[in-house]
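Asker: Below are the sequence and a predicted model; questions follow.
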Amino acid sequence: MIIALLVLAGLAAALFLWVAGSYNSLVTLRNRFKNAFAQIDVQLKRRYDLIPNLVETAKGYLKHERETLEAVIKARNIAAAAAQAAAANPADAGAVKNLLGAEAGLGGALSRLMVVAEQYPDLKANQNMMQLTEELTSTENKISFARQAYNDAVTTYNTTRERFPTNLLAGLFNFAEAALFQVDNATERQAPQVKFS
């Protein structure tokens, strides 16, 4: 009888340790992908801060391109609001999807601005414009690296939460699937061109 109780106590302890370990592992992985999203958020904010300066620099040269400049500012504001909503809860797949859509709109507006700016040689030669476009290009690269790190963290988290028997625990404790930061539309996959040649 004592041996049976010891065996049952040992099994209960092993089950408790497995549950605690699996739960802690899921929490750790969820926090890693949230941290990775925070790194994307930092770079997006940097880009959002650069865009008004870019538009202000271009304004004097692009007097007849008011619609293009307004479209860039509007897209920037929409993307900044979507980024703020996604940053509040990176585990919300809907918020991340909204951010992706807003980022695609901003990328398109920036691309149109750069195409228009190509038509103004004085603007292309402006030192401030060259510096801003270089900073924007650098920021785009940092965003790409941050997205890669985020997607790696999300993949690890999702794989862990979907594996048996951890998936039982994930469902019990509401560890929802995290969304990858990916673009569904092939035309949206192209980064905005910010180089002047």
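Answerer: Nice, thanks for sending it over. Numbers count the residues shown, from 1 in each chain.

Asker: Mind telling me what element K45 is part of?
Answerer: According to DSSP states H and E, K45 maps onto helix 2-59.

Asker: and that helix, what does it pack onto?
Answerer: Contact here means 3 or more CB pairs under 8 Å, 6 or more residues apart in numbering; DSSP states H and E; on that basis helix 2-59 packs against helix 66-88, helix 93-117, helix 127-162, helix 166-172. All C-beta atoms are positioned from the backbone trio N, CA, C, and that covers glycine.

Asker: which SS class is the nearest residue to K97 once chain neighbours are set aside?
Answerer: Excluding the flanking residues, the one nearest K97 by CB to CB, 6 or more residues apart in numbering is A179, at 6.4 Å. Classification of A179 by DSSP: H, G, I helix; E, B strand; the rest coil places it in coil.

Asker: Contacts only, for A179.
Answerer: Neighbouring residues of A179 by CB atoms under 8 Å, 6 or more residues apart in numbering: 93, 96-97, 154.

Asker: By neighbour count, which of these wins?
Answerer: Of all the contacts of A179, V154 has the most neighbours under the rule other CB atoms under 10 Å, reaching 26 neighbours.

Asker: Check the spacing between the residue of the chain positioned farthest from its centre and L15 real quick.
Answerer: Centroid-distance maximum for the chain: M1 at 58.0 Å, with CA atoms, centre = their mean. Distance of M1 to L15, given as CB to CB, to the nearest Å: 21 Å.

Asker: Check Q148 too.
Answerer: Distance from Q148 to L15, by CB to CB: 37 Å.

Asker: Repeat that for A176.
Answerer: In terms of CB to CB, A176 sits 24 Å off from L15.

Asker: and A153, how many neighbours does it have?
Answerer: 22.

Asker: In contact with it, which residues?
Answerer: 29, 32-33, 35-36.

Asker: Tell me the most packed of these, by neighbour count.
Answerer: Busiest of the contacts of A153 [other CB under 10 Å] is F33, holding 25 neighbours.

Asker: F164 versus the closest residue to it other than its chain neighbours, what's the distance?
Answerer: Distances taken as CB to CB, 6+ apart place A153 nearest to F33, at 3.8 Å, with adjacent residues excluded. The gap separating A153 from F164 is 22 Å, by CB to CB.

Asker: For this structure, which residues score under the pLDDT cut-off?
Answerer: 183-197 (pLDDT under 70).

Asker: how about 80 then?
Answerer: For the chain, the stretches with pLDDT under 80 are 60-64, 124-125, 182-197.

Asker: so who does the residue sitting nearest the centre point of it touch?
Answerer: By CA atoms, centre = their mean, the chain has its centre lying nearest to I40, at 4.7 Å. Counting by CB under 8 Å, 6+ apart, I40 makes contact with 143, 146-147, 150, 181.

Asker: Many thanks, have a good one.
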